[in-house]
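J.: Fold the stuff below for me.
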Amino acid sequence: MMDGQADLDAVIARVHLNLFVFGPHRSGCSSRSSSDGKPMPAELSELEKHAFERFHPPLRGNVVFSSNRWMLYAVFLGWFAILSAEKCVAQPPPPAPSIDWRTGKDFDKFSRSPISVSWQHAPLGDHLAKFANSQRLSIVLDRRIDPNLLLDLTVNNVSIEQFMLRLAQASGTKFCRFGDCYYFGPDENVERLLAVDALVSNLQQSKGALFSRSAAVECAELTTPRALLRRWAEANKFEIANIDLVEHDLMRELNLPPMRLDLRLALLLSQFDLWFRQSKTAALITIIPPPEKLTATIRLNGYDVDAQLLDRIRTSAPGCKVSKSKRSIVIAGPSEALESARNVVIESFTPPPRSIDEKRFQLTVENKRGLILNAVAEQLGLKVIVPEDCAAVLEKVVSVTVKDATVEVLLHALFQNSDCTYSLDATTLRLFHR
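T.: Purely as a prediction, here's the structure:
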């Protein structure tokens, strides 16, 4: 009757899978009992009956369920759960949405655009990322800076670069523009990268040269820096010496606009207090300690230059040589002095007035926060962007009383003691969840 033990085992498995999925009393199925009184599915073949009888020994006493049978169910469930978990783990995370980052002249122009921002108990890393995405400004936070640092910061009608400077001061860091992104990090590293960016900007190098090769920087969260370096080496066909000097780390997600290879290497390695050198005779890049001193020349465009500003720059950075043209300032000197001189220039800028700054509000109202916000936005012609995690905040009923208030004062009163902060430019109000 049996073709072999393997056949019987396969049938046993099928019988129990059948019983597990449908049960002996599934709807629409009759049942009958085996010789020992156990319920038996009606649709079993002779071979399946034999398997059923073999797997279920006769019942003794008042025992109703076979422990073997339920043990098999438990094993099957565990096996199914393991396979499901493995399938879930194997799925790659969904790709981050592509962002059309500002670059070149668009970056230059936007860096002087006016903005108002109110952050209360805001985690630095989370709010920097949200601000970067909403403004299409790529921002890098150094791996050594705590992303969970909480900030309280309110600025009204300042330029984007002035806001970056306030952020750096509030977080105990420094910042610089590096390529087409803003970088926040420790003092010495920011000063070094500011000088490197200036040196590279003034460098004449053929487009085919190794360091001139440009590519976007994309790496998923938990990527190791060594893996990223090896990926760049493979893509650009060079070897890396001393890669073991880069300590093991798990990186945050990184998404940056196209950047030269030398800038990419500097941005990554400098966060480990390392640098690099290209071999003159081979496709080899060696990882080395960072340079101690750098001297560079930076050119700051788009600023009104007068004698008073030049005097303030020279007082702030006595070791620098300062010259001017009609709408640009040229500063040459050591890296540690360039940053101080640049800050003086950034602070000298006065953003153009916005029409919304001329409006004054006088009101006493109790209503849903979202209804009040929509009424204000309609008066000012503002577009309001509300993420899903801020929707509940707008449903809460609040009382607001202001007199002869600017839009910033009104917004501060509207969102105080809530879980939302905001940024405001000339046309758009964006909410952020803390």
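
J.: For Glu253, see how far away the closest residue to His433 other than its chain neighbours is.
T.: Closest residue to His433 apart from its sequence neighbours, by Cβ to Cβ, 6 or more residues apart in numbering: Asp389 at 4.1 Å. Bear in mind the C-beta positions are built from the backbone N, C-alpha and C, glycine included. When distance is defined by Cβ to Cβ, to the nearest Å, Asp389 is 19 Å away from Glu253.

J.: Trp386 and Phe432: what is the separation?
T.: For residue 386 the amino acid is Val, not Trp. 10 Å.

J.: Counting neighbours, go ahead and name the busier of those two.
T.: Neighbours per residue, other Cβ atoms under 10 Å: of Val386 and Phe432, the larger number sits with Phe432, 22 against 16.

J.: Touching, the more buried one and Lys130? I think so.
T.: Yes. Using Cβ atoms under 8 Å, Phe432 is in contact with Lys130, at 5.0 Å.

J.: shared neighbours of the two, which are they?
T.: Common contact partners of Phe432 and Lys130 (Cβ atoms under 8 Å, 6 or more residues apart in numbering): none.

J.: Could you pull up the contacting residues of Pro114?
T.: Counting by Cβ under 8 Å, 6+ apart, Pro114 has contacts 157-159, 351-352, 354, 425-426.

J.: Mind giving me the PyMOL select for the residues you listed, buried ones only?
T.: A single PyMOL command selects the buried members of the contacts of Pro114 (16 or more other Cβ atoms under 10 Å):
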select buried, resi 157+158+159+351+354+425+426
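
J.: TSV please, covering the contacts of Pro114 and showing pLDDT, secondary structure and distance to Leu382.
T.: Below are those laid out as TSV (pLDDT from 0 to 100; DSSP: H, G, I helix; E, B strand; the rest coil; distance: Cβ to Cβ, whole Å):
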residue	pLDDT	secondary structure	distance to Leu382
Asn157	90	strand	14
Val158	94	strand	18
Ser159	95	strand	19
Pro351	88	coil	17
Pro352	81	coil	17
Arg354	79	coil	11
Asp425	87	coil	9
Ala426	83	coil	9
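
J.: ok, so of the contacts of Pro114, who is nearest Tyr303?
T.: Ser159 (10.6 Å; Cβ to Cβ).

J.: so how far is Leu429 from the residue lying closest to Val407 once chain neighbours are set aside?
T.: Spatial nearest neighbour of Val407, chain neighbours left out: Ile356 (5.4 Å); criterion: Cβ to Cβ, 6+ apart. Going from Ile356 to Leu429 by Cβ to Cβ gives 10 Å.

J.: Touching both of these two, which residues are there?
T.: With Cβ under 8 Å, 6+ apart as the test, Ile356 and Leu429 both reach Leu382.

J.: And for stretch 220-239, what's in contact with it?
T.: 93, 210, 213, 215, 219, 240, 243, 246, 248-254, 261, 264-265, 268, 272, 282-285.

J.: chain center to that stretch: distance?
T.: 19 Å (Cα atoms, centre = their mean, to the nearest Å).

J.: Quick check: which ranges of the protein have low pLDDT?
T.: Low-confidence segments of the chain, defined by pLDDT under 70: 1-97, 204-208.

J.: Spell out the residue ranges of the strands in the stretch 201-350 of the chain.
T.: Ranges of strands in the stretch 201-350 of the chain, per DSSP state E, counting those that start in this stretch, are 214-219, 239-241, 254-260, 275-278, 284-288, 295-301, 321-324, 328-334.

J.: partner strands of the last one, parallel or antiparallel?
T.: So that's strand 328-334. strand 295-301 (antiparallel), strand 321-324 (antiparallel) (DSSP bridges).

J.: same question, the second one
T.: Note on strand 239-241: by DSSP bridges, its sheet partners are strand 284-288 (parallel).

J.: most neighbours per residue, which of the strands paired with strand 328-334?
T.: When you average the neighbours per residue for each of the strands paired with strand 328-334 (mean count of other Cβ atoms under 10 Å), strand 295-301 leads with a mean of 17.

J.: Next, the residues that contact it from outside, please.
T.: 108, 194-196, 198-199, 201-202, 327-335, 338, 342, 345.

J.: Alpha carbons of that strand, in CSV - could you do that?
T.: Taking Å, rounded to 0.1, in the frame of the first residue of the first chain, the C-alpha atoms of strand 295-301 are listed here in CSV:
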residue,chain,number,x,y,z
THR,A,295,45.9,79.7,4.1
ALA,A,296,43.3,80.7,1.5
THR,A,297,41.5,83.5,-0.2
ILE,A,298,37.7,83.8,0.0
ARG,A,299,35.5,86.0,-2.2
LEU,A,300,32.1,87.1,-0.8
ASN,A,301,29.7,88.4,-3.4
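
J.: So what does Phe432 look like in phi/psi?
T.: Recorded main-chain torsions at Phe432 are phi -130, psi 140, according to degrees, to the nearest 10.
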